[in-house]
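Engineer: from the sequence below, what's the structure:
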Amino acid sequence: MLSWMAWTMPSALFFLGIASLLLVMTVLEIRKPCVERKGWLPISTTRGDRLFIGLLSSAFVHLLFLGLTDVTLWVALGISVLLMATLLRWG
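Structural biologist: Numbers count the residues shown, from 1 in each chain. Modelled structure (predicted):
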């Protein structure tokens, strides 16, 4: 199924996850438009802003784990999921 490109299953699942997040956020925005709010981040943000900040933060967490430790990336994934959930809820 993925032979048309040199994709591995983990990379395909990663991009499928991001596409799913974007689809869910689009549906949420259509059904219930959000307004800017001030959480613990130092700026007022919308739902999409917090998603973008969370994705960037997750990328940096993974890069730090790759560059500085020999720990499996599953730990970085767990930290990233918790970080993303925290940012989306209270950021």
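Engineer: ok, and what's touching whichever strand or helix holds residue 84?
Structural biologist: In the assignment (DSSP states H and E), residue 84 maps to helix 73-90. Residues from elsewhere that reach helix 73-90, judged by CB atoms under 8 Å, 6 or more residues apart in numbering: 39-41, 47, 50-51, 53-55, 57-58, 61-62, 64-66. In this view, the C-beta of every residue, glycine as well, is placed from N, C-alpha and C.
Engineer: next, the buried residues of it.
Structural biologist: Using 16 or more other CB atoms under 10 Å as the test for burial, helix 73-90 gives 76, 79-80, 83-84, 87-88.
Engineer: any idea of the mean pLDDT in that helix?
Structural biologist: For helix 73-90, mean pLDDT rounds to 90.
Engineer: okay, it in CSV with CA atoms only?
Structural biologist: Taking Å, rounded to 0.1, in the frame of the first residue of the first chain, the C-alpha atoms of helix 73-90 are listed here in CSV:
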residue,chain,number,x,y,z
LEU,A,73,11.3,7.6,21.1
TRP,A,74,8.2,6.1,22.7
VAL,A,75,9.1,8.1,25.9
ALA,A,76,9.3,11.3,23.7
LEU,A,77,5.9,10.4,22.2
GLY,A,78,4.3,10.0,25.6
ILE,A,79,5.8,13.3,26.7
SER,A,80,4.6,15.0,23.5
VAL,A,81,1.0,13.6,23.9
LEU,A,82,0.9,14.9,27.5
LEU,A,83,2.3,18.3,26.4
MET,A,84,-0.2,18.5,23.5
ALA,A,85,-3.1,17.7,25.7
THR,A,86,-2.0,20.2,28.3
LEU,A,87,-1.5,22.9,25.7
LEU,A,88,-4.9,22.3,24.1
ARG,A,89,-6.8,22.3,27.3
TRP,A,90,-5.1,24.9,29.5
